[in-house]
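Undergrad: Provided below are the primary sequence and the corresponding predicted coordinates.
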Amino acid sequence: MKRELISQALNGMDDRFISEAASFRPEAIQETPERIVHMKKKRIVSIALAAALVLALGIVAYAAYFSMNQRVPDATETFRINWEEHPSGYLEWHDAKLAITFPDTAESKEIEFRPGWLPEELASLKSDAWLGRLTAEQLADKYPNMTASQPMLIETYYMSMFNDGGALLLLYYTPENIIEEHWDEQGVDVMRFHATEVLPANDRRPEQTLEQDIILMSNPEAGWVVRLAGEAGMDTLVKVAKNLEIRETGNVLTYNDFIDHYTFMDGGVG
Amino acid sequence: MEDSEIIRLFFERSEQAIGELDKKYGAAATKTAANILHDRLDVEECVNDTYLGVWNSIPPHRPNPLVSYVCRITRNLAVSKLRSNAAVKRNSNFDLVLEELEDFIPSGADVETDYAYKELLEVIDRFLSTLNYDDRFLFVRRYWYADSVKDIAAMMNQRDARISLRLFRLREKLRIILKKEGLLV
């Protein structure tokens, strides 16, 4: 009966709305002056960035209308990543396998999460506490077929961190088919894929293939990104992701709150 | 041909009226029916019945705008056809569209009244008035014309995911208004 009511109510919709929507008129879209300024600025920045990339790399940047853009960087492209353990304090990385970028975001809302569902093997991690990071490496023994990383890791990132050309990188692992989708229930854009790294044989061991699944969920309005990764299996990770409870802490994070504007997704432990 | 000219032909009982109506709004009527029915023969029948409905109702009616009048008749006929067609599956596109809004509407006998319908209609119209053009277009195309997300994305030259996200936000907006109005417990 609910459907009948909705159908009936929609059917009674005002004539002017129905006739207005009979065909799309792009010229009818009205932007507020503030938005026009913002869009113009953004367009200039985009054009400048694209031109720089074309000049530097000789390739055309791939830009998709999705809150996460992914591209395979040229093998010579250098990413200068802060690295405390190196005497110089940074690391110059070439041959990244994947770079994910986000729309420039002035302010990101800090979040915390707690899993609403976990597989039986990881059930001992369930608690009422709200977290910024969750690692399951201590339960690796529950997954005898693991190749390297850990069953499951959940981390948060913020889009404001990646402004001005920053990126979320895959340094070692090579992604397979990248699936882009939107999950209406959580209102997030999702990018997920299986990734592998082949370690060549040496005198101590034969060739080995490391594997993991990665899910990135981004909320472009609030400016946060959550990564779920590990070897628990894509179906399990999807279920964990879809049942993740996420709340805002009330803090706002801007570009200057982050020392580094790159981070990488390969790390599975810690 | 202008709408007023087509209406004049109907008033004169000229058969050319049907031809001109088909030329101008045939595609819109077909799309409206096809979004709900998905069966070519049913769609054709529905569009033909629409023309008959327009023929029988003009005169005395002199609708303005004509396009919404035609599409409304088509939509009514298509929904009736869908409901009376025993073979139709529950997971038709039209059912999916209604399903998206279903959670917002409280269940129970009280909502089955004429009052609930009128109140809901008023809130939806008011809600639409507050939206900008493209959001309104999006909402009406999805929930009145029952277009697929893919079709709307093509019309607006945007990605499917973007359209889904915007629809989600619009539904959330509507949910808040319904709650404020006391229609959603």
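TA: On my side now, so go ahead.
Undergrad: how about the lowest-mean-pLDDT helix or strand in chain B, does it reach chain A?
TA: When each helix and strand of chain B is scored by mean pLDDT, DSSP states H and E, helix B:93-102 comes last, with a mean of 74. Yes: figure legend: helix B:93-102 in contact with chain A (C-beta under 8 Å from any C-beta of the partner chain); contacting residues B:95, B:98-99, B:101-102. Placement of C-beta: from N, CA and C, glycine included.
Undergrad: and those, which are buried?
TA: For the residues of helix B:93-102 next to chain A, a neighbour count by 16 or more other C-beta atoms under 10 Å in any protein chain shown gives the buried set as B:95, B:98, B:101.
Undergrad: tell me the one of those nearest residue A:150?
TA: In terms of C-beta to C-beta, no member of these lies closer to residue A:150 than residue B:101, at 41.9 Å.
Undergrad: thinking that closest one is in contact with residue B:168, fair?
TA: No: using C-beta atoms under 8 Å, residue B:101 and residue B:168 do not qualify as a contacting pair, with a distance of 12.0 Å.
Undergrad: spell out which parts of chain A neighbour chain B.
TA: For chain A, the residues in contact with chain B (C-beta under 8 Å from any C-beta) are A:1-3, A:5-26, A:28-30, A:64-66, A:180-182, A:184, A:187, A:189, A:220.
Undergrad: residues contacting residue B:138?
TA: B:152, B:156, B:163, B:166-167, B:170 (C-beta atoms under 8 Å, 6 or more residues apart in numbering or on different chains).
Undergrad: show me how chain B divides into domains.
TA: B:3-84, B:93-180 (automatic domain parsing).
Undergrad: select, out of these, the one closest to residue A:158.
TA: domain B:93-180 (19.0 Å).
Undergrad: just how off-centre is the closest one within its chain?
TA: On the basis of C-alpha atoms, centre = their mean, to the nearest Å, domain B:93-180 is displaced by 11 Å from the centre of the chain it belongs to.
Undergrad: inside helices: which ones of the residues of chain A next to chain B?
TA: A:2-3, A:5-11, A:15-20 (DSSP state H).
Undergrad: so where's the chain shaky on pLDDT?
TA: No chain in the question, so chain A it is. When residues are selected by pLDDT under 70, those of chain A lie in A:1-3, A:29-65, A:82-89, A:91, A:148-149, A:203-205, A:267-270.
Undergrad: nope, chain B
TA: Along chain B, the model assigns pLDDT under 70 to residues B:86-93, B:103-115, B:184-185.
Undergrad: tell me where it has helices.
TA: For chain B, the helices defined by DSSP H cover B:3-11, B:16-37, B:40-57, B:66-84, B:93-102, B:114-130, B:133-143, B:149-156, B:160-180.
Undergrad: tell me which of those helices sits nearest to residue A:93.
TA: helix B:160-180 (29.9 Å).
Undergrad: contacting residues around the residue positioned nearest the centre of chain B?
TA: Closest to where the C-alpha atoms of chain B average out (C-alpha atoms, centre = their mean) is residue B:144, at 3.0 Å. Shown in contact with residue B:144 (C-beta under 8 Å, 6+ apart): A:10-11, A:13, A:17-18, A:21, B:75.
Undergrad: also residue A:99?
TA: By C-beta under 8 Å, 6+ apart, residue A:99 lies in contact with A:70-73, A:79, A:167-170.
Undergrad: looking at those, spot the one nearest chain B.
TA: residue A:70 (13.4 Å; C-beta to the nearest C-beta).
Undergrad: how many neighbours does residue B:162 have?
TA: Residue B:162 has 19 neighbours, counted by other C-beta atoms under 10 Å in any protein chain shown.
Undergrad: might one say that it is in contact with residue B:153?
TA: Yes: in this structure, residue B:162 is within contact of residue B:153 by C-beta under 8 Å, at 7.2 Å.
Undergrad: okay, the residue nearest the centre of chain A and chain B: tell me how far apart.
TA: In chain A, the centroid-proximal residue (C-alpha atoms, centre = their mean) is residue A:216; its distance is 3.6 Å. Using C-beta to the nearest C-beta, to the nearest Å, we find residue A:216 at a distance of 13 Å from chain B.
Undergrad: list the contacts of that residue.
TA: Shown in contact with residue A:216 (C-beta under 8 Å, 6+ apart): A:68, A:100, A:168, A:190-192, A:225-227.
Undergrad: I'd say residue B:68 and residue A:12 touch.
TA: No: look at residue B:68 against residue A:12 with C-beta under 8 Å: they stay out of range, at 11.8 Å.
Undergrad: more neighbours, these two?
TA: It is residue B:68, of residue B:68 and residue A:12, that has more neighbours when counted by other C-beta under 10 Å, with 24 against 15.
Undergrad: roughly how far does that one sit from chain A?
TA: 4 Å.
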